[in-house]
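Q: give the three-dimensional model of this entry:
(2 chains)
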There are 2 protein chains.
Amino acid sequence: MEPSSGWDGPTFQPLVVLELASNTPQEAVAWLLSRIRDGQQNGGAELLVEQLSPGAADGGEKDNPNLFVVGASWQRLLCGAEDCGLFKEYSDGSMRGFTCANQHRFKGFTGAGDDFLSMAECQYIIKHQLEALRAKDETHVPGYSQAKLYPGKSIIRRLQSKGILVQMFPLHDKEELKRLSFSWYRTVRLSLQPLDAIRRYFGEGQALYFGFLEYFTIALLPMAVLGVPYYLFDWENYDKYVLFAVFNLVWCTVLLEVWKRYSATLAYCWGTLSRKKAFEEPRPGFHGVLGLNPVTGRKEPVFPSVSRQLRIYLVSLPFVLLCLYLSLYVMMIYFQLEGWALSVYDEDPTLWTEVLTYIPSIVYAVVIEAVNLLYRYAAEFLTEWENHRRESSYQNHLVLKVLVFNFFNCFASLFYIAFVMQDMLLLRQSLATLLITSQVLNQLMEAFLPYWLQRRRNKKMIRKVLRRRAIEEKELPLAEQVRLEADMSTYLGTFDDYLELFLLFGYVSLFSCIYPLAAVLVVLNNITEVYSDAFKMCKLFKRPFADPAGSIGVWQLAFETISVIAVVTNCALIGMSPQVKAYFPESATQLILWTVAVEHLLLGFKFILAFLIPDVPKHIRVKLAQIEFESLEALKKKVKHLLVVFKLHRKGSEA
Amino acid sequence: MEPSSGWDGPTFQPLVVLELASNTPQEAVAWLLSRIRDGQQNGGAELLVEQLSPGAADGGEKDNPNLFVVGASWQRLLCGAEDCGLFKEYSDGSMRGFTCANQHRFKGFTGAGDDFLSMAECQYIIKHQLEALRAKDETHVPGYSQAKLYPGKSIIRRLQSKGILVQMFPLHDKEELKRLSFSWYRTVRLSLQPLDAIRRYFGEGQALYFGFLEYFTIALLPMAVLGVPYYLFDWENYDKYVLFAVFNLVWCTVLLEVWKRYSATLAYCWGTLSRKKAFEEPRPGFHGVLGLNPVTGRKEPVFPSVSRQLRIYLVSLPFVLLCLYLSLYVMMIYFQLEGWALSVYDEDPTLWTEVLTYIPSIVYAVVIEAVNLLYRYAAEFLTEWENHRRESSYQNHLVLKVLVFNFFNCFASLFYIAFVMQDMLLLRQSLATLLITSQVLNQLMEAFLPYWLQRRRNKKMIRKVLRRRAIEEKELPLAEQVRLEADMSTYLGTFDDYLELFLLFGYVSLFSCIYPLAAVLVVLNNITEVYSDAFKMCKLFKRPFADPAGSIGVWQLAFETISVIAVVTNCALIGMSPQVKAYFPESATQLILWTVAVEHLLLGFKFILAFLIPDVPKHIRVKLAQIEFESLEALKKKVKHLLVVFKLHRKGSEA
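A: Numbers count the residues shown, from 1 in each chain, chains lettered A, B, ... in the order given. Just a heads-up that it's a prediction; the model follows:
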């Protein structure tokens, strides 16, 4: 945490890096710096900012000179923490919104320079303060007549949307990162992940993801343990899966309800459970005619929601439906290929033709992954074009589009095999192929590809650094470290990670009773996933800004939806099992009616269960109620007290 | 509103009446009065209270002398309004929590004595202040050593639970009541109910009930209009009901979603939508060992929630299940009787035996009503015994118990006829009998019985009054008016009214496609219901305290549950219709599978629809966000401003 040696750098601890386009005119830079440094009473951000020493021109390649490090004084950070509504642990063990007035009553607060605020929190505060830096009477960014400003517009957002601000990222902390990576993934041990340390370094959103990954893996263990003997002893005797399916049903429901409570506990301890979201700014890509925001009364771009609805229902929705249709079409081609390969094998059963029978499944699995990727870009483009005002609304629409398609694309063939073809052997084989192929592809795409790209880039950079100066100390000087990090890939959030878990959850809960080994595969995948995700977070990516998430958000809903669908598929699979069919030898109608009745009962039971189990554990509800009660009482008292003191004071000064 | 003439009564406007037991010792009365009158700085309620002049002893019967009327000064009521968190319309048209500091910026506030606070609001404020009157260092109520008190215990609650305070009720306002009843039910017109006036007089909970009743009736009109031709032209041709059932499905879903939005709009205009509930006191019947409330840190009775859970799951749940079983048993007896009556009719088809075939249905309908009533008492007893701390929790458990049983009791026979016997003709006949009988019984029980009782009692009272003094003016003197009202029945809340609507909604949405006239009957019933409910509210009952409800609460959930079940029953009825069966002449299995698939799609669609339609209309969401934003901004500014002013002041006084 000490200021880096080697370069007579800034006198403050650098926290966040701003990179402006290399051709930014000097007047724009000077204006931005003055606004950042200006006192808060003048509408500035009152932060410390310094330009990084320019790298020497180096063989035709020239370093961008417009790199700035931003920091802040200790007092400023505390004020910022109050502004953001940061929650910290109070002296009585509860979590409360930090206020400067009560600072000494918070646990761990000892005075200037202590570890009261983690580096990630400081960086989040600085980001928040930079984004809250608003235009006063400027009509445009100096030097950029087309970059319009109006009073109240966030300067940073405008610079981002115009490409003047290339990127803004927090700096890694080498020491802490080393400690974290050792306790996290550098040693292979049988222990849980250091969630608190992850949260301290990467923020709550990341920590919740890793918490969920770990929870999911542990929750899968019983299924995996149950699955192995099924696989070993009853490989062909698949009418035993009734018990497994029943277990599956109970497991899914309980799993998600318990997670909700566990995640609430985590979020409470991290202070994000009851933290109120500040009023959301328009997202950087949002555009529209300048108008009045009805809520804030401030001037900002306005886009009629009717236009947005039209875009959603007349363009996006038909597009998604078209994609679903195409995906069905591809699936039918796959089945034709599969049939052709089988017929070839039947005609001439050699090793080669046996291998051939596996080819269509593998090709289909690869095609699914490729189509998912392509669709992802289309979905992003469309959602961007829908022009959502708030980031959360954008995210929800994107997630919805991607989820529906991915679910359809990955599972349609399995549904077709299970319920139209009713071929359990083929279902098992397809499930295995899909699961294994997608896992292998994912691990490749996710960790090794970026790792390889990174190595190439880093090598170049390190070579450059080496060439420029002989390395005296082991640590890179700050300027080089910043340039190295600026060059790293940007972590794009937990979306893809959750999506992968979502699909795995689908494979396990929808059909795993057919292929009990699925849970084992997913557990193995998750364990490598923890390591590869941890590795890429620590080594491959720029440090992301902390995201003060209180839950896994829309993903909880997505997983719950899967678990409802799982009730339906599992009931249907049970109804189709020879074991159950044997109970209704004379009447298929009776069998179906009973299956449907049981399914409805289970669904009803599931909803009642979800309704009965409180989402937040009792001890946390009590604590939350306690704080609310106290703050109500305190407010009543404070108002009365202030008035009394004020009156006394006035009397005193009048006397 | 003027102080009554005839008796030199209180000098303030009497709002609320307290009736203590007639044998209350004088010291207890004196203590209570002094606590009520005492200033707030001494922990009193600072209200005005006066004893009513005792009625003359009258032929052996003696009036209770311990009747007190309570009022308050204008300033005290305003303070109380702030205490309760009352919402009023602000000068900019939004609804805001009233504060005395900003009183002049609220619409309609002109100064002392105006109509800014309605009488119902004043009465609510007084009730709130009385209930917030807490024991200081008293260990028991003077004169009652067994009525224990501890610091912080609500005095009124203790007096209630010990039977010392017999009742506390707000006074009617003869003038306003006359105006209200004329615009409400005294003239038969084609117009909507005066919801705002109802809310002004009876409070938000009542107004929401009447709003829902009206909304439900209007929403039924299209079904009733559609139903008449079905009934007139296709009486025996009941395979036409497919269209009707489809209409039914869409109608149920849309109906409830639109109501949610409408009720949010009403609640916003009445200021109860965003009003925060104050911390809930334990309900009067709650008892336990004295301990510390973990939330408030105050001393109060504590009852371990494990004991409560045990009582719920080991006693209440088995009891409910037993009752359900008994209800099934009664149903089977009914079917046996029905069969016997039919066989008698078949043997000897005369007019008398034809009448006999209707007897079992009617008897069964009467038995159902009687059993529902009996069960109701049992449910109340059990829920009381479960010892819930909060009124809301008590209500939820009671509603759940009663709803499950009533639903089962009323609809089990219909389900049995529809899906086990598959006799559509009998289903229609049973539905008609149940519906008509229960409506007739309900109207009798609800309006005419209490009316008759009331008349008998009132006549006695009025005779007494007449005997005692010759009536000079038309208006009764206050003391007699109070005694008359004290003698009226107490209105027990909207529970039974909602329950009735719930069952009607069930008849209409679950099976009405079989008996299209059901909607017509329910519409007719609802219209008379409006009049009889309005009549009983205005004439038969004591005025109830206003209940600042923001929605119809748990009933919304109950109605939504019915609408989900309606999807299932209607799909099944469609699947069983000869029309649809004709499409699958060769395979019953195919038919069932298709029906189930369509049902699942409809259920999915329903949930998506419920998810997509926002519960609160946009313009109200904007207003709420606006206020939240402003209050955040204002808080920031106020804290800074106060600090600055304070510093300046200190400097000034130091200089």
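
Q: and the nearest residue to A:Leu324 once chain neighbours are set aside, which of the three is it?
A: Spatially, and ignoring its direct neighbours in sequence, A:Leu324 is nearest to A:Phe408 (5.3 Å; CB to CB, 6 or more residues apart in numbering or on different chains). Any C-beta I mention is one placed from the backbone N, CA and C, and that applies to glycine too. Secondary structure, DSSP: H, G, I helix; E, B strand; the rest coil: A:Phe408 is helix.

Q: please look at A:Phe408 and A:Ser327 and confirm they touch.
A: Yes: using CB atoms under 8 Å, A:Phe408 is in contact with A:Ser327, at 5.9 Å.

Q: more neighbours: these two, which one.
A: A count of neighbours by other CB atoms under 10 Å in any protein chain shown puts A:Ser327 above the other of A:Phe408 and A:Ser327, at 21 against 17.

Q: which one is that one nearest to, not counting chain neighbours?
A: Closest to A:Ser327 by CB to CB, 6+ apart is A:Asn409, at 4.8 Å.

Q: these two touch, right, that neighbour and A:Asn372?
A: Yes: using CB under 8 Å, A:Asn409 is in contact with A:Asn372, at 5.9 Å.

Q: the more surrounded of these two?
A: A:Asn409 (23 against 18).

Q: centroid residue for chain A?
A: Nearest residue to the geometric centre of chain A (CA atoms, centre = their mean): A:Thr494, 2.5 Å.

Q: against chain B, how distant is A:Leu431?
A: Applying CB to the nearest CB, to the nearest Å, the value for A:Leu431 to chain B is 22 Å.

Q: ok, A:Gln395 next?
A: Separation of A:Gln395 from chain B (CB to the nearest CB): 16 Å.

Q: next: A:Val564.
A: For A:Val564 relative to chain B (CB to the nearest CB), the value is 9 Å.

Q: and that residue, what element?
A: helix A:554-576 (DSSP states H and E).

Q: ok, now which ones touch the closest residue to chain B within the stretch 151-300 of chain A?
A: Residue of the stretch 151-300 of chain A nearest chain B, by CB to the nearest CB: A:Val295 (4.5 Å). Shown in contact with A:Val295 (CB atoms under 8 Å, 6 or more residues apart in numbering or on different chains): A:279, B:622, B:625-626, B:629.

Q: mind redoing it with 10 Å?
A: Counting by CB atoms under 10 Å, 6 or more residues apart in numbering or on different chains, A:Val295 touches A:279-280, B:621-630.

Q: which of these fall within helices?
A: Members of these lying in helices (criterion: DSSP state H): B:621-630.

Q: redo these as JSON lines? Include neighbour count and distance to A:Arg483.
A: Output for these, formatted as JSON lines (neighbours: other CB atoms under 10 Å in any protein chain shown; distance: CB to CB, whole Å):
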{"residue": "B:Arg621", "neighbour count": "15", "distance to A:Arg483": "46"}
{"residue": "B:Val622", "neighbour count": "14", "distance to A:Arg483": "46"}
{"residue": "B:Lys623", "neighbour count": "21", "distance to A:Arg483": "50"}
{"residue": "B:Leu624", "neighbour count": "18", "distance to A:Arg483": "48"}
{"residue": "B:Ala625", "neighbour count": "16", "distance to A:Arg483": "43"}
{"residue": "B:Gln626", "neighbour count": "17", "distance to A:Arg483": "46"}
{"residue": "B:Ile627", "neighbour count": "18", "distance to A:Arg483": "48"}
{"residue": "B:Glu628", "neighbour count": "14", "distance to A:Arg483": "43"}
{"residue": "B:Phe629", "neighbour count": "17", "distance to A:Arg483": "41"}
{"residue": "B:Glu630", "neighbour count": "16", "distance to A:Arg483": "45"}
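
Q: and chain A, which of those residues contact it?
A: B:621-630 (CB under 10 Å from any CB of the partner chain).

Q: and which of those is nearest to B:Thr383?
A: B:Leu624 (34.3 Å; CB to CB).

Q: I'd like the ones in helices among the contacts of A:Val295 laid out as a markdown table, including distance to B:Trp259.
A: Shown next, in a markdown table, are these (distance: CB to CB, whole Å):
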| residue | distance to B:Trp259 |
| --- | --- |
| B:Arg621 | 17 |
| B:Val622 | 21 |
| B:Lys623 | 20 |
| B:Leu624 | 19 |
| B:Ala625 | 23 |
| B:Gln626 | 25 |
| B:Ile627 | 24 |
| B:Glu628 | 25 |
| B:Phe629 | 29 |
| B:Glu630 | 30 |
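
Q: closest to B:Leu382 among these?
A: Within these, proximity to B:Leu382 (CB to CB) peaks at B:Leu624, which comes in at 39.2 Å.

Q: give me the nearest residue to the closest one, chain neighbours excluded.
A: Distance criterion CB to CB, 6+ apart; nearest residue to B:Leu624, sequence neighbours excluded, is B:Ser274 at 5.8 Å.

Q: okay, and for the stretch 451-600 of chain A, where does confidence drop off?
A: Applying pLDDT under 70 to the stretch 451-600 of chain A flags residues A:451, A:454, A:457-476.

Q: mind running it again at 50?
A: A:470-473 (pLDDT under 50).

Q: ok, back up a step: which residue in the contacts of A:Val295 has the weakest pLDDT?
A: Among the contacts of A:Val295, A:Phe279 carries the weakest pLDDT, at 65.

Q: look up how far chain B lies from the closest residue to A:Met488 other than its chain neighbours.
A: Once flanking residues are discounted, A:Met488 sits nearest to A:Lys542: 4.7 Å by CB to CB, 6+ apart. A:Lys542 is 32 Å from chain B, where distance means CB to the nearest CB.

Q: in contact with A:Lys542, which residues?
A: Residues counted as contacts of A:Lys542 (CB under 10 Å, 6+ apart) are A:17, A:167, A:169-172, A:485-491.

Q: just those: which are in strands?
A: Using DSSP state E, the subset of the contacts of A:Lys542 located in strands is A:17, A:167, A:169-170.

Q: any of the residues you listed buried? List them.
A: Among the ones in strands among the contacts of A:Lys542, the ones that count as buried by 16 or more other CB atoms under 10 Å in any protein chain shown are A:17, A:169-170.

Q: out of those residues, which is nearest to A:Gly108?
A: Among those, and counting by CB to CB, the member closest to A:Gly108 is A:Pro170, at 21.4 Å.

Q: host element of the closest residue to A:Ala219 other than its chain neighbours?
A: Nearest residue to A:Ala219, sequence neighbours excluded (CB to CB, 6+ apart): A:Leu255, at 5.0 Å. Assessed by DSSP H and E, A:Leu255 sits inside helix A:241-269.

Q: quickly run through the sheet partners of the helix or strand following that helix, with directions.
A: Where DSSP H and E defines the elements, the next helix or strand beyond helix A:241-269 is strand A:289-292. Partners of strand A:289-292 in the sheet, by DSSP bridges, are strand A:299-302 (antiparallel).

Q: quick check: buried residues in the helix or strand containing A:Leu601?
A: Applying DSSP H and E as the criterion places A:Leu601 in helix A:588-612. Across helix A:588-612, burial judged by 16+ other CB under 10 Å covers A:588, A:591-593, A:595-596, A:599-600, A:602-603, A:606, A:610.
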